[in-house]
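Peer 1: I would like to see how this sequence folds:
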Amino acid sequence: MRLLIAGTGLALCLVVVLMATLSPTPIDQPYESAIQRVLSVLHRSGVPEWFGYRWIEFSANIAMFVPVGYFLSLVFPTRFLWMAIPLVPLLSGTLEAVQFFVLPARFATVNDVIANTVGGWTGIALAGLTVAAVHLRDRRVLQRWRERNVIGVRDSSA
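Peer 2: Okay, here's the model as predicted:
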């Protein structure tokens with residue numbers, strides 16, 4: 001069941017990422033003026049001037065890859081979870097290379113690879129915490145079950 005959920009989640013995330021990164025034009029292009037208006041309001045409301053479009057884009061790239069890293073790592077058995085670590089920057093670098101060589105209206109940047117990698121690795125860390133929490137819960141449930149059954153066996157022999 002874990003593999004089905006993880007595989008489905010990964011497939012859906014990859015579809016979204018591929019649509020966002022491999023569209024012929026940047027997905028934010030139609031919204032540039034709206035983004036600038038929002039930034040203007042934020043700056044007037046006290047958000048520092050250094051927080052601009054680049055930070056929004058960087059943060060969006062991180063957020064986009066968190067679920068990719070999460071589901072990617074859950075596809076692997078627990079002892080091979082580490083294999084997701086090199087796959088995240090590899091995937092991001094491949095997408096940026098396709099943008100650079102195939103999509104002339106897109107901008108391939110090292111910053112995007114860094115942001116995507118940070119997001120993916122954050123997802124991997126969250127998956128690791130999830131796996132650890134599930135294992136801990138399972139051990140506690142099993143321990144309670146054993147205690148009940150041992151007590152039940154002792155009580156029935158009396």
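
Peer 1: so where's the longest helix in the chain?
Peer 2: Determined from DSSP state H, the single longest helix within the chain is helix 110-157.

Peer 1: quick check: which element contains the residue nearest to the spatial centre of the chain?
Peer 2: When CA atoms, centre = their mean is applied to the chain, the residue found nearest the centroid is residue 66 (1.6 Å). Taking DSSP states H and E as the criterion, residue 66 maps to helix 53-75.

Peer 1: tell me where the chain is predicted with low confidence.
Peer 2: 151-158 (pLDDT under 70).

Peer 1: hmm, try it at 90
Peer 2: Residue ranges of the chain with pLDDT under 90: 1-3, 25-35, 76-82, 105, 107, 131, 135, 146-158.

Peer 1: hang on, the earlier thing: the helix holding residue 66 packs against which elements?
Peer 2: Under the contact criterion of 3 or more CB pairs under 8 Å, 6 or more residues apart in numbering; DSSP states H and E, helix 53-75 touches helix 2-21, helix 32-44, helix 84-102, helix 110-157. (Each C-beta comes from the backbone N, C-alpha and C, glycine too.)

Peer 1: where's the residue nearest to the centre of the chain relative to residue 46, distance?
Peer 2: In this view, residue 66 and residue 46 are 27 Å apart by CB to CB, to the nearest Å.

Peer 1: cool, and residue 60?
Peer 2: Looking at residue 60 against residue 46, where the rule is CB to CB, the gap reads 22 Å.

Peer 1: more neighbours, those two?
Peer 2: It is residue 60, of residue 60 and residue 46, that has more neighbours when counted by other CB atoms under 10 Å, with 15 against 6.
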